[in-house]
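J.: Predicted structure and sequence below. I'll ask about it afterward.
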Amino acid sequence: MDTISDLYETQGAAPKYKAVAAAIRNAVSSGALRPGDKLPPVRDLAWRLGITPGTVARAYTLLTESGEAAAAVGRGTFVATPKPAPATQSPDLRVLPQDTDTVTLFSARLPDVGQVAMIRKAMGRLGETDPDALLNYPTRESFEPARRAVLRWLGDTVLGQVDQADLVLSHGGQSAVSLVMQSVLHGPRPVVMLEELSYPGFRRAAQLLRADVVSVAMDADGLCPESLDRVARETGAQLLCTSAEVHNPTVVFTPPERREAIAEIARRRGFHILEDDCYRIGPARAASYRSILPDQGWYVSSISKSLTPALRIGFALAPKRHRGVLRRAAEDGFFGLARPLAELTEDLLSQDETYEMMAAVRAEMNRYIRVAVNILGGYDLVWSEEIPFLWLRLPEGWRAASFAQAAEARGVQIRPAEEFALRDANAPHAVRIGVNAQVSLSSFEAAIETLRSLLDNPPERIAI
């Protein structure tokens, strides 16, 4: 540490984080630091140099991104072994991260690892579309290739008996949610059940259909069967909306035995289950409700969290006995997707390159997730490398709304738990942190350091 400190003092007027990085480079060049040596902890070096931990963290990230250092989750940052430069380098055509004064962590933002160029190529191929497809209304049969491509996309999901006729393409996952509700809800005041913390789009879609919304208690495994049974009995609810693979916002996974118990209640009480699987970016870990409840289980997903949200490509899968009503909801509502968009869906989801791209997206998102875990791991943090957001339960002294306001005042936007609860519910003191891979890793790390600083220094006055 003494060597780094001495070399830091020689860097002149350079920005502080660049001066720290240069001092470490010089220490490596002089032999004072060797490949494999562990760099000082961020806070220790910051105290020694008289600068903020965020500045040191940004310097470490700069070195990591350039390959001069390597970060190991839970172990620290180490001097990397030099790698020989490639003989030739192809131009990088990706959209590079753009830093701004405010870092928004409201929701997941995917990195461009090549999918922009891939989508542009696919759009170019659309120019060869049969002229008939550009002059006439699309037909049910004309969407069959796109539906088959979606089933390939869903190939790692246990969906039960399924064929392309069970599936309807929609304008993103939210549109798919609305289509399922239109297919299931009936009567003047239908009731929809939600998890006590849940994706706000469920509530908004239900309210558009003039449905009443009620909440069901949760525990560490998801919905509580006793609460679900009681609420279903008391309200006569027609639909349960849930996210069993990746609960939004708490990251909870509902294990198979809990899903079976919930499905049994649905059979007995006669309500349908809409499973929203839009947030998973890795393989499924358990069978879907459509598989274990074949007459009442509906499945919704999209490509928004894995590839791109810009195209608004989503899909809904109905139980076989109800696929006709789902199809009519789409055809009567908007005559189906635009034919070029359906053909673009077919093109993208039929390419092997797309699935390689998905793996690259996951790998890049994991880099950002690991940074957040390294910084916030000492607090009550729930996370997974297959989920593009994190759930942070706040320590004593912080309430969710005031913590989010304090973070925004320092240039970091996050979502408090209140945004996921019904209006009259008591929300926990927690926040959801989206992984934004459209800012540089160093900027993301600085934002997470800002959150850590707030956690370390709660307000002195706590409202009772």
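T.: Everything's here; your move.
J.: Next secondary structure after the helix or strand encompassing Ala59?
T.: Element membership for Ala59 (DSSP states H and E) is helix 53-65. Going down the chain from helix 53-65, the next helix or strand is strand 69-72, by DSSP H and E.
J.: Which elements pack onto the helix or strand just after that following strand?
T.: Following strand 69-72 in sequence order, the next helix or strand is strand 76-79 (DSSP H and E). Under the contact criterion of 3 or more CB pairs under 8 Å, 6 or more residues apart in numbering; DSSP states H and E, strand 76-79 touches helix 53-65, strand 69-72. The C-beta positions use only the backbone N, C-alpha and C, and glycine is treated the same way.
J.: can you tell which of the ones you listed is closest to Arg259?
T.: strand 69-72 (35.5 Å; CB to CB).
J.: residues in contact with the closest one?
T.: Strand 69-72 has contacts (CB atoms under 8 Å, 6 or more residues apart in numbering) with 24, 39, 60, 63-64, 77-80, 370-371, 374.
J.: And the furthest pair within those residues?
T.: Spatial extent of those (CB to CB) is set by the pair Ile24 and Arg370 at 20.2 Å.
J.: Against which helices or strands is the one helix or strand in the chain whose mean pLDDT sits lowest packed?
T.: Least confident helix or strand, the chain: helix 2-8 with a mean of 75, by mean pLDDT, DSSP states H and E. Applying 3+ CB pairs under 8 Å, 6+ apart, one finds that helix 2-8 contacts helix 16-30, helix 42-49.
J.: Save these as CSV, and put in mean neighbour count too.
T.: Converted to CSV, the helices and strands packed on helix 2-8 look like this (neighbours: other CB atoms under 10 Å):
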stretch, mean neighbour count
helix 16-30, 19
helix 42-49, 18
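J.: is it possible to export these to TSV including mean pLDDT and distance to Pro200?
T.: Below are those laid out as TSV (pLDDT from 0 to 100; distance: least, CB to CB, whole Å):
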stretch	mean pLDDT	distance to Pro200
helix 16-30	87	37
helix 42-49	85	36
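J.: In the stretch 51-200 of the chain, where is pLDDT below threshold?
T.: Low-confidence segments of the stretch 51-200 of the chain (pLDDT under 70): 73-74, 83-100.
J.: can you give me the helices in it?
T.: Using DSSP state H, counting those that start in this stretch, the helices assigned to the stretch 51-200 of the chain run over residues 53-65, 115-125, 144-153, 172-184, 200-208.
J.: Of the ones you listed, give the one that comes closest to Met357.
T.: Per CB to CB, nearest to Met357 of those: helix 115-125, 5.1 Å.
J.: Can you list the buried residues in stretch 390-401?
T.: Within stretch 390-401, the residues that count as buried by 16 or more other CB atoms under 10 Å are 390-394, 398-400.
J.: Same question for stretch 299-311.
T.: 299-309, 311.
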